[in-house]
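> I'd like to go over a predicted model; first the sequence, then the structure.
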Amino acid sequence: LSGWLHRPAAAANKPSIVICNPVGFEFVRAFRSLRTLAEDLAAAGHVVLRFDYRTTGDSAGSELDDERVAALLASTREAIEFVADVAGNERVALLGLRLGATLASKVAETVAVEQLVLWAPCDSGAIYLREQQIMAAAQKKKLSDSSAHALGVDGVDAGGFLITPSMQADLPGLAPGTDRLPGNPDILLLNRDDIRVPPGLAEHMASRGSTFEVVASPGFKDMMQPPQLATVPDDAIRRIVAWFETHAKSDGDRTHVLPGPAGELRTLKLGHGIEERALQFGPEERLFGIITREARPAGATKTAVILLCGGATHRISANRMYVTLARRLAKESTPVMRMDIAGIGDSLPHDGYPANKPYTDRLANDVSAALDALEETTGAQRFILFGLCSGAYAAMHSAKQSERVAGLMLANQLVYHLSASDLQRLAS
């Protein structure tokens with residue numbers, strides 16, 4: 001599994017919080033909001049873990065894997081065990097968004113948690129599947145016979161993310177039980193303000209914990225816009241943080257060990273001789289990327305690839321395609337970096353620059369820092385840049401400034417030149 005641990009400034013006696021992401025395109029669109037939520041909860045004194053389920057995000061596995069629902073549930077349990085271990089604190093809360101809320105409530109049936117936050121939850125896996133099928137039909141994105149044949153699988157393409165027949169068969173089993181939850185948690189159902197709570201869900205959950213509260217909050221639709229247009233739902237985040245302040249029970253005078261050094265990053269072993277290393281680099285280590293490479297390269301590395309995302313999508317890119325591409329290239333002995341430019345994903349914005357803006361006058365500087373980091377890590381001295389949309393713009397202008405760039409692959413590039421006034425306008 002891959003994840004990001006947010007540490008409070010000082011050791012505290014509060015429960016650690018595991019955030020359960022939504023799945024598919026909703027995960028990509030809510031990424032920035034969930035990162036903001038994690039940062040605010042950490043500032044309030046909690047150790048917080050954002051993690052990617054197996055077969056999603058930066059974690060191992062593929063959408064084509066069988067038993068994906070079981071993998072999502074198992075990943076959540078592993079995340080709970082991990083955060084309890086590194087924080088030295090067995091007191092854990094779960095917070096889930098959309099299908100992540102459904103998964104969190106299901107895991108809470110077998111793992112004792114102190115608090116359970118269900119943010120715009122799906123009533124069940126069956127309801128979630130029906131929503132995705134309707135969206136796929138509306139977008140006319142259901143895989144054609146030819147596409148299915150090319151992939152070797154049939155399924156539903158929901159917002160660019162595949163739901164295989166195997167997953168479709170398993171999702172209806174993701175239904176909440178009726179018994180009281182073993183941890184007797186305080187439960188918050190944070191619903192969007194533009195639709196009613198799923199029928200029967202509030203009544204059902206009210207009897208499963210110690211306390212139960214239903215709150216409606218605005219901002220869900222704006223959070224779920226394409227990443228470059230999405231806005232953070234500040235009201236919802238404030239309500240969640242305040243709710244934890246009220247319901248996170250004190251552990252007396254006991255404090256817990258803060259997890260690891262702030263800069264501790266680990267290597268993910270993917271099998272087949274491939275590994276991924278998380279890396280912070282650039283000025284003040286503000287930039288973040290993941291290098292995929294052979295664990296034991298057979299010879300000297302001459303050429304490496306950098307993948308640049310379009311819009312404000314984080315490093316997995318549209319449809320998670322950069323994860324798949326990076327791992328396939330690594331199997332061919334080509335190291336690859338998937339990076340977040342400044343202000344996007346897990347890279348911090350440069351001083352004086354706003355977050356979530358894909359076009360700035362610092363793009364070439366960010367890519368140059370990635371070239372330096374990849375050269376230092378792999379020994380490569382020639383680089384190929386692959387860019388999608390605004391990433392193609394960044395790749396082209398970086399190549400003009402660096403002799404180390406030996407090749408370009410530009411996809412869906414919308415603009416070739418932006419003046420200083422254009423960049424200022426786009427960053428405003």
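Yep, that arrived.

> ok, residue 132 touching residue 158?
Yes - in this structure, residue 132 is within contact of residue 158 by CB atoms under 8 Å, at 3.7 Å. For every residue, glycine as well, the C-beta is placed using N, CA and C.

> may I have stretch 198-205 as PDB, with CA atoms only?
Taking Å, rounded to 0.1, in the frame of the first residue of the first chain, the C-alpha atoms of stretch 198-205 are listed here in PDB:
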ATOM      1  CA  PRO A 198     -30.100   7.800   1.300                       C
ATOM      2  CA  PRO A 199     -33.400   6.200   2.300                       C
ATOM      3  CA  GLY A 200     -33.200   4.300   5.500                       C
ATOM      4  CA  LEU A 201     -29.500   5.000   6.000                       C
ATOM      5  CA  ALA A 202     -29.900   7.500   8.900                       C
ATOM      6  CA  GLU A 203     -32.400   5.300  10.700                       C
ATOM      7  CA  HIS A 204     -30.200   2.300  10.100                       C
ATOM      8  CA  MET A 205     -26.900   3.900  11.400                       C
END
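
> between residue 132 and residue 158, which contacts overlap?
Listed as contacting both residue 132 and residue 158 by CB atoms under 8 Å, 6 or more residues apart in numbering are residue 24.

> show me where this protein has helices.
Using DSSP state H, the helices of the chain run over 25-43, 68-87, 99-107, 125-138, 145-151, 165-170, 201-206, 220-223, 234-247, 321-331, 363-378, 390-401, 420-427.

> local confidence estimate at the closest residue to residue 128 other than its chain neighbours?
In space, and not counting its chain neighbours, residue 128 is closest to residue 122: 4.1 Å by CB to CB, 6 or more residues apart in numbering. pLDDT recorded at residue 122 is 93.

> same deal with residue 258?
51.

> what do you get for the one 3 residues further on?
In the prediction, the pLDDT value recorded for residue 261 is 47.

> contacting residues for the residue nearest to residue 128?
So residue 122 contacts 98-99, 101-102, 128, 131, 198 (CB under 8 Å, 6+ apart).

> for residue 311, same thing?
Residues in contact with residue 311 (CB under 8 Å, 6+ apart) are 226-228, 358, 389-390.

> tell me the one among those residues nearest to residue 276.
Distance to residue 276, by CB to CB, is smallest for residue 227 among the contacts of residue 311, at 22.1 Å.

> what's the closest non-adjacent residue to the closest one?
Nearest in space to residue 227, with sequence neighbours left out and distances taken as CB to CB, 6+ apart, is residue 312 at 3.9 Å.

> I'd assumed residue 342 was in contact with the one you found.
No - counting by CB under 8 Å, residue 312 does not reach residue 342; the two are 11.6 Å apart.

> ok so, going back, widest-spaced pair of the contacts of residue 122?
101 and 131 (13.7 Å).

> neighbour count for these two, which is higher?
A direct count of neighbours by other CB atoms under 10 Å for residue 101 and residue 131 places residue 101 higher, at 24 against 14.

> against residue 35, how distant is the more buried one?
As judged by CB to CB, to the nearest Å, residue 101 and residue 35 stand 18 Å apart.

> same check, this time on residue 47
Remark: distance between residue 47 and residue 35 (CB to CB) = 15 Å.

> repeat that for residue 13.
For residue 13, the distance to residue 35 (CB to CB) stands at 25 Å.

> let me have the contacts of residue 311 in JSON lines, extended by neighbour count, distance to residue 332 and pLDDT.
What follows is these, written out as JSON lines (neighbours: other CB atoms under 10 Å; distance: CB to CB, whole Å; pLDDT from 0 to 100):
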{"residue": "226", "neighbour count": "13", "distance to residue 332": "32", "pLDDT": "95"}
{"residue": "227", "neighbour count": "21", "distance to residue 332": "30", "pLDDT": "96"}
{"residue": "228", "neighbour count": "16", "distance to residue 332": "32", "pLDDT": "94"}
{"residue": "358", "neighbour count": "23", "distance to residue 332": "29", "pLDDT": "93"}
{"residue": "389", "neighbour count": "22", "distance to residue 332": "25", "pLDDT": "95"}
{"residue": "390", "neighbour count": "27", "distance to residue 332": "27", "pLDDT": "95"}
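
> wait, residue 185 touches residue 111, no?
No - using CB under 8 Å, residue 185 makes no contact with residue 111, being 10.5 Å away.

> compare those two (neighbour count), which wins?
Counted by other CB under 10 Å, residue 185 and residue 111 do not tie: residue 185 has more neighbours, with 24 against 18.

> got the contact list for the more buried one?
Residue 185 makes contacts with 93, 108, 113-116, 209-210, as judged by CB under 8 Å, 6+ apart.

> list just the nearest of these to residue 75.
residue 108 (14.8 Å).

> was I right about the closest one contacting residue 180?
No - contact between residue 108 and residue 180 fails when scored by CB under 8 Å: they sit 10.7 Å apart.

> neighbour count: these two, which is higher?
Using other CB under 10 Å, the more surrounded residue of residue 108 and residue 180 is residue 108, with 27 against 12.

> which phi and psi values does the more buried one adopt?
The phi/psi pair for residue 108 (degrees, to the nearest 10) reads phi -70, psi -10.

> check it and give its pLDDT.
At residue 108 the predicted local confidence, pLDDT, stands at 97.
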